[in-house]
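Q: 3D, please:
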Amino acid sequence: MQRDVIIACDFSSKEQVLSFLDRFTETKPFVKIGMELFYAEGPEIVREIKARGHRIFLDLKLHDIPNTVKKAMSVLRNLDVDMCNVHAAGTIEMMRAAREGLTREDGTRPLLIAVTQLTSTSEERMQRELLIGASINDTIVKYALNTKEAGLDGVVCSPLEAAMVKEACGTDFMTVTPGVRFADGEVGDQVRIATPARAREIGSDYIVVGRSITQAADPVAAYERCLEEFLG
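A: Predicted coordinates for the structure are as follows:
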């Protein structure tokens, strides 16, 4: 399984994100476009960043009734992104509908993954606020198994759960893991985190890194450090 670092481009405007990407003159990193930037600038920002040569993970976390998600995915499939996602909590039926909507007439589609539990969610909060009685690890593995049954390519989980997802779903089942920080970095609002090196050891295929790169004094150097620590 290929491994890579995905930069979370959590900016609020086209000007900000393009100014940031202009710093990368020697490489074209894999980038994540999330809700903030997509809602601010619309589909055109995806097309522009794609035209610059970047691979794109479109992180919109669709979660609705199956028919609505299928129709939304049939629109997103035309943006030529490389990866997109849904919420696994939407059920197997919804995830299957998402895959069907994302698949083009020639049978090709972007990678499709499902969010298990957000890295800001602790087990205590999941049980108390969401009334999920199982442990967070058991919940994440079950959601991953549902995702695999639906025919998706992998899941979003924290680095801490990557190994157990691989054990349950197979080594070819992809793990995309946010919640990655340098050992000397700030934790922010995430509670289930790991360093790039630890994420590699546990079994992450892709790590998603935002503020540790985007808010660094030298984002290019921070990205290169992340690559070195994660890829070994």
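
Q: Tell me how far L130 lies from E224.
A: Separation of L130 from E224 (C-beta to C-beta, to the nearest Å): 39 Å. The way it works is simple: take the backbone N, C-alpha and C, and place the C-beta from them, glycine included.

Q: who's more crowded, these two?
A: E224 (16 against 12; other C-beta atoms under 10 Å).

Q: what about the more buried one, distance to F57?
A: 20 Å.

Q: would you list every one of the helices in this structure?
A: 14-21, 35-41, 43-51, 66-76, 92-102, 123-130, 136-149, 162-169, 196-202, 211-214, 219-231 (DSSP state H).

Q: Turn the ones you listed into TSV, including mean pLDDT and distance to R109.
A: What follows is the helices of the chain, written out as TSV (pLDDT from 0 to 100; distance: least, C-beta to C-beta, whole Å):
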stretch	mean pLDDT	distance to R109
helix 14-21	98	25
helix 35-41	97	19
helix 43-51	98	16
helix 66-76	98	9
helix 92-102	98	5
helix 123-130	95	30
helix 136-149	97	15
helix 162-169	97	19
helix 196-202	93	26
helix 211-214	94	28
helix 219-231	96	26
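
Q: Out of those helices, which is the most enclosed?
A: By mean neighbour count, with neighbours taken as mean count of other C-beta atoms under 10 Å, helix 92-102 ranks first of these at a mean of 21.

Q: How far does that one sit from its chain's centre?
A: 17 Å (C-alpha atoms, centre = their mean, to the nearest Å).

Q: So for D184, what's the pLDDT?
A: On the pLDDT scale, D184 is placed at 77.

Q: from here on, count from 28
A: Right, with 28 as the first residue, what we last looked at is D211.

Q: number of nearby residues for it?
A: Neighbours of D211 using other C-beta under 10 Å come to 7.

Q: longest strand of the protein?
A: strand 83-89 (DSSP state E).

Q: when you compare where that one runs with where helix 93-103 runs, what's the angle?
A: 160 degrees (axes from the mean of the first three to the mean of the last three C-alpha atoms, to 10 degrees).
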